[in-house]
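Undergrad: the sequence and its predicted three-dimensional model are supplied below.
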Amino acid sequence: MQPIEMSAVDLVAALRQGDITAVQCTTAFLDRIEATNGTINAFLAVDRDGALTRAADIDARRKAGKPLGALAGLPVALKDVLCTTDMPTTCASKMLQGFRPPYDADVVARLRNADAVFVGKTNMDEFAMGGSNENSAFGPVRNPWDLSRAPGGSSGGSAACVAGDMAPVAIGSDTGGSIRQPAGLCGITGLKPTYGRVSRRGLVAFASSLDQIGPMARSAADCALIMETIAGHDPGDSTSLAVDVPRYTDLLDKPLAGVRIGRVPEHYAEGLDPEVAKGVDEAFAVLKAAGATVHDVKLPHAKYGIPTYYLIAPCEASSNLARYDGAHYGHRAEPGKGHRAEPSQQADGFESPLVEMYCRSRAEGFGPEVKRRIMLGTYALSAGYYDAYYAKALRVRRLIRQDYLDAFQSVDLIGGPVSATPAFKLGEKTDDPLAMYLVDLYTVGTNLAGVGGISFPCGFTKSGLPIGFQLQAPPLAEPLLLQAADRFQRLTDWHRRRPKTTGEVKA
Ligand code: GLN
């Protein structure tokens, strides 16, 4: 088997046994990136020299019998929302074009200590706002299963690079579905851990009470491997949980007998594609055959998930993105006429040269969706509207979380679709923000409740597009999420299918 076709678990084992060197492994993925990224646009930066230098160093240390980290030589791609000292961090925004963070995100530092090899930074929706990757300032990503379709978002580059064999593992972030939805649309496996399980330090903030980092890979077993490195307490993130990290890989191979899985009848509402519904039903049948029992559960406030999320996330974003003012961080507009004028003579009615610089920098640096969110959030937080919108959304969020906790009294997991349709066409929803927001119907509840969720392929449509299945679990039940997904993958081979374009896509 070629290295680019191997799982992360197998690659790490092959590297350890000396069946393959880190340089050979890294070269294979870099060559694949070179051949296909021109078409897929999954990467915003590729660090060929850095990756090969690091791989050579790992090989030398292995040869010398020196101790190596748990992921020694494994190529990993990083969503461009994670701070890296050796590569730019742009959040796919003109605002941060060329930005070099002075420190590594906690997950990046952990992966580095584990001797992973970073091949590059992946494309995404600008500041992680979007569900199709079309909000990137550097062009959309194409879905490797059908180049005319979106890979999902916002971690679209991370999903497409794994689906397209450009990296065995990518790190994503999930605020309202951004790991699980693109994983579902690209036929890979993605885990959004419990809020606080993985440190957010060095993750450029979108909506801080919802943001969570997680692994995206071909299988649950690969995600478990990565979780052992990236999870854990970080004193630098006050919301990270001081809870021991389980040996996720050791907990995988357990039967599902006695595991109770909830099914939400409302998930089968109007708008759910019949082929997706069929795939989801078949996934429940596989889990049942593996010994799990399936029970109907209610999430009575789930219908308020989208409005609640689209108030809380923009409110937090409007506050988090205030820092991009042209002075502290990011793009600064060229001094305009107004900068030299007396305050009383400001061009275009700006109150002062400073205000003009702020306004022009933000107008030039942010794309339309980011501006829309900032305006929505600023409006909802403004005096007079705060109670009616933001405070109310927080109360509904509390009810949504309670729904989950109540449901988890009678079931161990909740299963269902990841998104209502398979991958949609590029451009199909770009003129209709509301249609794009509705894509997040099945994923935002997990974030609002602060629990964990995993998405993995459970079938394909007749036209050959992957269908995703989602499992959600109570706080910190990642071992069970991974175990159930892994059991499913031992019984099915959907996650082993590769896009037809593999090997054929040319730059
Ligand atoms: N699609 C959602 C949004 O646009 C989720 C994004 C995310 O999880 N980062 O906000």
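TA: Received, thanks.

Undergrad: if I look at the nearest residue to residue 15 once chain neighbours are set aside, how far off is the ligand?
TA: Among residues not flanking residue 15 along the chain, residue 73 sits closest, at 4.1 Å (CB to CB, 6 or more residues apart in numbering). Backbone N, C-alpha and C define where each C-beta goes, glycine included. With distances taken as CB to the nearest ligand atom, to the nearest Å, residue 73 is found 30 Å from the ligand.

Undergrad: kindly confirm my reading that residue 73 is in a strand.
TA: No - under DSSP: H, G, I helix; E, B strand; the rest coil, residue 73 falls outside any strand and is assigned coil.

Undergrad: OK, contacts around the residue in the stretch 401-507 of the chain that the ligand sits nearest to?
TA: Nearest to the ligand, among the residues of the stretch 401-507 of the chain, is residue 440, at 4.7 Å (CB to the nearest ligand atom). Counting by CB atoms under 8 Å, 6 or more residues apart in numbering, residue 440 makes contact with 131, 176-177, 181, 306, 309.

Undergrad: contacts for the strand or helix carrying residue 481?
TA: Using DSSP states H and E, residue 481 maps to helix 478-491. The contact list for helix 478-491 (CB under 8 Å, 6+ apart) reads 189, 191, 193-194, 197, 219-221, 223-224, 227, 231, 246, 248, 251-256, 259, 261, 283, 286-287, 289-290, 292, 412-413, 452-454, 456, 458, 469, 471-473, 495.

Undergrad: tell me which residues in it are buried?
TA: 478-489 (16 or more other CB atoms under 10 Å).

Undergrad: any chance of those in CSV, with pLDDT too?
TA: Below are those laid out as CSV (pLDDT from 0 to 100):
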residue, pLDDT
478, 98
479, 98
480, 98
481, 98
482, 98
483, 98
484, 98
485, 98
486, 98
487, 98
488, 98
489, 98
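
Undergrad: show me where the protein has its strands.
TA: For the chain, the strands defined by DSSP state E occupy 43-46, 75-79, 117-122, 169-174, 189-192, 212-217, 260-263, 293-296, 413-417, 452-460, 466-473.

Undergrad: what's the closest of the ones you listed to residue 22?
TA: strand 117-122 (6.5 Å; CB to CB).

Undergrad: direction included, what does the closest one pair against?
TA: Applying DSSP bridges, strand 117-122 is found paired with strand 43-46 (antiparallel), strand 75-79 (parallel).

Undergrad: could you check whether the longest one is close to the ligand?
TA: No - contact check for strand 75-79 against the ligand, using CB under 6 Å from any ligand atom: none in range, with a minimum separation of 9.7 Å.

Undergrad: and if you look at stretch 132-151?
TA: No - on the criterion CB under 6 Å from any ligand atom, stretch 132-151 is out of touch with the ligand, staying 8.1 Å away.

Undergrad: show me where the stretch 151-300 of the chain has helices.
TA: 156-163, 180-186, 220-230, 274-289 (DSSP state H, counting those that start in this stretch).

Undergrad: same list (those) but as TSV, adding distance to the ligand.
TA: What follows is the helices of the stretch 151-300 of the chain, written out as TSV (distance: least, CB to the nearest ligand atom, whole Å):
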stretch	distance to the ligand
helix 156-163	10
helix 180-186	7
helix 220-230	17
helix 274-289	18
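
Undergrad: as a markdown table, the ones you listed with mean neighbour count would be great.
TA: Shown next, in a markdown table, are the helices of the stretch 151-300 of the chain (neighbours: other CB atoms under 10 Å):
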| stretch | mean neighbour count |
| --- | --- |
| helix 156-163 | 35 |
| helix 180-186 | 35 |
| helix 220-230 | 26 |
| helix 274-289 | 17 |
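
Undergrad: TSV for these, including mean pLDDT?
TA: Shown next, in TSV, are those (pLDDT from 0 to 100):
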stretch	mean pLDDT
helix 156-163	98
helix 180-186	98
helix 220-230	98
helix 274-289	97
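
Undergrad: nearest to residue 65, of these?
TA: Residue 65 lies closest, by CB to CB, to one member of the helices of the stretch 151-300 of the chain: helix 220-230, at 22.3 Å.
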